[in-house]
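Asks: Next input, structure requested:
(one chain, ligands or ions: 1)
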Amino acid sequence: MPNIALFPGDGVGPEVVAEGVKVLEATGSRFGIEFAFETLAIGGDALDRYSAPLRRDDIRAAGRADAALLGAVGGPKWDDVDSALRPERGLLQLRKALGLFANLRPVSVLPALAESSPLRPEIVAGVDLLVVRELTGGIYFGKPSRRWTSGRGRAAVDTLRYREDEIERVVRLAFELARGRRGKLASVDKSNVLQSSRLWREVADEVKADFPDVELEHVLVDAMAMHLIKSPSRFDVIVTENMFGDILTDEASVLPGSIGLLPSASLSAKPGAGTGTRYGLYEPIHGSAPDIAGTGRANPAGTILSAAMLLRWSLGLIEAAEAIERCVADAIAAGVRTPDMAEPGSPVDSTAEFGADVARRVAAA
Ligand SMILES: NC(=O)c1ccc[n+]([C@@H]2O[C@H](COP(=O)([O-])OP(=O)(O)OC[C@H]3O[C@@H](n4cnc5c(N)ncnc54)[C@H](O)[C@@H]3O)[C@@H](O)[C@H]2O)c1
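Replies: Residues are numbered from 1 along each chain as shown. From the prediction side, this is the model:
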């Protein structure tokens, strides 16, 4: 029986996670799998209940499960708390404690929603890319990171440091993922300026020797920022370091037209429950959306698609994952839409109605 840890979190988090669970249960009935769920606390929710954004017991419980599904953390209620206690701190702690070194963000544009993209439909037609971002190294973690004041005024330093093993494991994962898709990998760096990027490029070329069937191209990060807007459909898998990935994934997230649609997976080196799988934390890419929390207007598709990624990457249940993905696309094509996906003035469905529709489709798949 697969065990799934649930971190509903804050704002719309509990609302979208409830729909993820609804669809997982329907998938379980359809495919004869019984899931066991354990609900844990993170973010402002944990802070209110336990005075900490993440408890050690909950980290342990998440690590014992086969995978974890998270909603979102944060909100104005906790904006003024001490920085060590901020809700977002809980998420960073969880990623670090579980060794989640690779963040996967698939971005595709559903034909039914091509008109909702800020880019012209002919530019986003056929977009189907997967960005793999290194998540536990680079400038967000490098030391020294500090500021000081001297006779010449204020100064600050951050450090972009990578070891070859940190680069190798994420680049290798990206090659493996590209092998299972269209066989194309773009490695993004700034090797014309940065030493760390020159090492990144060298290691990527070395790993390439093990993947003769995958085409590797190196792209400078500034050029990639342009390509993602001008010709996003030319890419398959993109791999990059932590900060470049942070920026490029946000840029890529606007292509499908609503932030509520996009799932993500953060994978560790620990094996998952299914053959050839890894332990992972799965979450929609959006935040806690405090402006619409409690109104039934949140789009749960990103969470439902995160649940599909969980089945694929941690449990190895490919058929079940594909059924969910197909049913989300079918529901949207049939006109089931939360407000963020709907044309102004057209009828809308609530968060729960969207989830129930997808669940019904999966049960009948
Ligand atoms: N991983 C996370 O948990 C995460 C990520 C980003 C932001 N945050 C936190 O969330 C809070 C709000 O941040 P923000 O407003 O910058 O980003 P946000 O993603 O919460 O919201 C940005 C906009 O997108 C809309 N939106 C977001 N999710 C949606 C959904 N599922 N359906 C429909 N519309 C949706 C919101 O209504 C809002 O207008 C902050 O406290 C921030 O720190 C958390």
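Asks: Helices of the protein, start to end?
Replies: 13-31, 43-50, 56-64, 87-97, 121-124, 164-179, 195-208, 221-230, 242-252, 301-313, 318-333, 351-363 (DSSP state H).
Asks: okay, those, which one's buried deepest?
Replies: For those, the largest average neighbour count (mean count of other CB atoms under 10 Å) is found in helix 301-313, namely a mean of 28. Any C-beta I mention is one placed from the backbone N, CA and C, and that applies to glycine too.
Asks: relative to helix 318-333, how tilted is it?
Replies: Helix 301-313 runs at 160 degrees relative to helix 318-333, counting by axes from the mean of the first three to the mean of the last three CA atoms, to 10 degrees.
Asks: Measure how helix 301-313 sits relative to helix 13-31, angle-wise.
Replies: Going by the same axes, to 10 degrees, helix 301-313 makes 50 degrees with helix 13-31.
Asks: Mind giving me the packing neighbours of helix 301-313?
Replies: helix 13-31, strand 67-72, strand 102-108, strand 263-271, strand 278-284, helix 318-333, helix 351-363 (3 or more CB pairs under 8 Å, 6 or more residues apart in numbering; DSSP states H and E).
Asks: okay if I get these as TSV plus distance to the ligand and mean pLDDT?
Replies: Formatted as TSV, the helices and strands packed on helix 301-313 follow (distance: least, CB to the nearest ligand atom, whole Å; pLDDT from 0 to 100):
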stretch	distance to the ligand	mean pLDDT
helix 13-31	6	98
strand 67-72	4	98
strand 102-108	11	96
strand 263-271	9	96
strand 278-284	6	97
helix 318-333	13	97
helix 351-363	8	98
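Asks: could I get these as a markdown table with distance to residue 196?
Replies: What follows is these, written out as a markdown table (distance: least, CB to CB, whole Å):
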| stretch | distance to residue 196 |
| --- | --- |
| helix 13-31 | 34 |
| strand 67-72 | 30 |
| strand 102-108 | 18 |
| strand 263-271 | 21 |
| strand 278-284 | 25 |
| helix 318-333 | 35 |
| helix 351-363 | 42 |
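Asks: Find the residue closest to residue 138 in space, skipping its chain neighbours.
Replies: residue 242 (3.5 Å; CB to CB, 6 or more residues apart in numbering).
Asks: isn't that neighbour right next to residue 134, touching?
Replies: Yes. The criterion here is CB atoms under 8 Å, and residue 242 meets it with residue 134 at 5.0 Å.
Asks: residue contacts, residue 356?
Replies: Residues in contact with residue 356, defined by CB atoms under 8 Å, 6 or more residues apart in numbering, are residue 22.
Asks: Quick check: it vs residue 53, distance?
Replies: For residue 356, the distance to residue 53 equals 32 Å [CB to CB, to the nearest Å].
Asks: again, but for residue 136
Replies: Distance, residue 136 to residue 53, using CB to CB: 18 Å.
Asks: Of those two, which one has the most company?
Replies: Each of residue 136 and residue 53 has its neighbours counted (other CB atoms under 10 Å); residue 53 has more, 28 against 20.
Asks: Chain neighbours aside, what residue packs nearest to that one?
Replies: Of all residues not flanking residue 53 in the chain, residue 90 sits nearest, at 3.2 Å (CB to CB, 6+ apart).
Asks: In the stretch 251-365 of the chain, what residue lies closest to the ligand?
Replies: residue 287 (2.4 Å; CB to the nearest ligand atom).
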